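Peer 1: take a look and give me a structure for this.
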Amino acid sequence: MGNELQTIPLSNLALAFIPVAIVTGIMLRWSLNAGSGLFAIARMLIQLALIGYALNWIFASDSALVVTALLTVMLLIASWIAMRPLEQRHWNDFGRALAAIVVGGCLTLALIILFVLEVQPWYAPRVVIPLAGMIFASSMNTVSLAAERLAAEQERSTSPVEARRLAYQAALIPLLNMLLAVGLVSLPGMMTGQILSGISPLIAARYQIMVMCMITGASGISAAVYLTLAIRKRM
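Peer 2: Below is the predicted model:
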């Protein structure tokens with residue numbers, strides 16, 4: 001492989017589905033809902049194909065209005081998905097999730113693009129959209145874990161403060177595991193992509209440190225905001 005990544009031929013890309021087919025076979029063998037897995041794969045293919053075309057248009061437009069509108073849509077979708085684990089969902093839950101991800105995610109995104117990377121202009125879509133995607137997705141997952149654990153603790157009649165503590169602790173487990181494993185067990189996606197594209201590992205490491213900090217901070221803040229808002233009605 002040279003210093004630059006080459007376009008993957010479709011015939012080669014098809015080989016990447018072999019492990020997926022094995023997982024699907026295991027699901028069928030063990031009488032699991034393989035249909036849900038196939039649906040998820042099909043949806044992934046469609047979504048990534050569509051977003052590829054959409055990003056080409058967004059990058060070409062170079063418009064602050066377009067980028068802001070896309071960020072708003074991303075926030076709304078992330079907030080909605082974050083509430084999926086709850087058996088009983090209400091609009092108030094969605095509102096709390098949205099507020100949490102906006103506070104944790106948007107503040108962190110602003111810090112990164114304005115002061116860490118000093119992006120010019122601030123709405124540069126090739127920088128802002130990928131970073132926002134990482135931040136919002138991580139915040140979404142953490143809020144989702146926090147919401148699910150909080151609901152479980154409330155069903156056990158755990159006191160609000162203790163339920164919040166346990167929910168926050170559970171929500172942070174994937175983040176803390178990721179921080180402990182990075183560089184030893186795994187090379188995260190952004191760092192791997194940069195190294196594959198020929199960038200010095202030392203430079204890639206700096207960017208990955210930034211990514212780990214922004215994901216941890218945004219996710220932790222978002223979960224804390226959600227839990228604080230969620231238990232307020234019970235105190």
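Peer 1: give the contact list for Gly26.
Peer 2: For the record, residue 26 is Ile, not Gly. Counting by C-beta atoms under 8 Å, 6 or more residues apart in numbering, Ile26 touches Leu32. From N, CA and C alone the C-beta is placed, and that goes for glycine too.
Peer 1: what helix or strand does it sit in?
Peer 2: helix 18-29 (DSSP states H and E).
Peer 1: buried residues in that helix?
Peer 2: Under the neighbour-count criterion of 16 or more other C-beta atoms under 10 Å, helix 18-29 has 24, 27 buried.
Peer 1: next one: stretch 91-105
Peer 2: 93-94, 96-98, 100-105.
Peer 1: of the residues you listed, which belong to helices?
Peer 2: 93-94, 96-98, 100-101 (DSSP state H).
Peer 1: out of those residues, which is nearest to Ala69?
Peer 2: Leu98 (15.9 Å; C-beta to C-beta).
Peer 1: let me know the pLDDT of that closest one.
Peer 2: Listed pLDDT for Leu98 reads 97.
Peer 1: spatially nearest residue to it, not counting backbone neighbours?
Peer 2: Leaving aside its chain neighbours, Leu98 sits nearest to Ser79 (3.9 Å; criterion: C-beta to C-beta, 6 or more residues apart in numbering).
Peer 1: what of Gln194?
Peer 2: Of all residues not flanking Gln194 in the chain, Ala204 sits nearest, at 4.0 Å (C-beta to C-beta, 6+ apart).
Peer 1: return the distance of the helix or strand harbouring the one you found from the chain's centre.
Peer 2: Following DSSP H and E, one finds Ala204 within helix 201-232. Averaging C-alpha coordinates over helix 201-232 and over its chain gives two centres that are 10 Å apart (C-alpha atoms, centre = their mean, to the nearest Å).
Peer 1: against which helices or strands is it packed?
Peer 2: In terms of contacts (3 or more C-beta pairs under 8 Å, 6 or more residues apart in numbering; DSSP states H and E), helix 201-232 is packed against helix 91-101, helix 107-111, helix 125-155, helix 160-181, helix 189-196.
Peer 1: centre of the chain to stretch 79-97, how far?
Peer 2: Mean-position distance between stretch 79-97 and its chain equals 16 Å (C-alpha atoms, centre = their mean).
Peer 1: scratch that, stretch 107-118 is what I was asking about
Peer 2: Going by C-alpha atoms, centre = their mean, where stretch 107-118 is centred and where its chain is centred differ by 17 Å.
Peer 1: how many neighbouring residues does the residue nearest to Gln194 have?
Peer 2: Per other C-beta atoms under 10 Å, the neighbour tally for Ala204 reads 20.
Peer 1: you'd agree it is up against Gly198?
Peer 2: No - the pair Ala204 / Gly198 is not scored as a contact, 10.1 Å apart, by C-beta atoms under 8 Å.
Peer 1: pLDDT weak spots in the protein?
Peer 2: Residues of the chain that meet the criterion pLDDT under 70 lie in 1-6, 233-235.
Peer 1: separation between Ile46 and Ala16?
Peer 2: According to C-beta to C-beta, to the nearest Å, Ile46 and Ala16 sit 17 Å apart.
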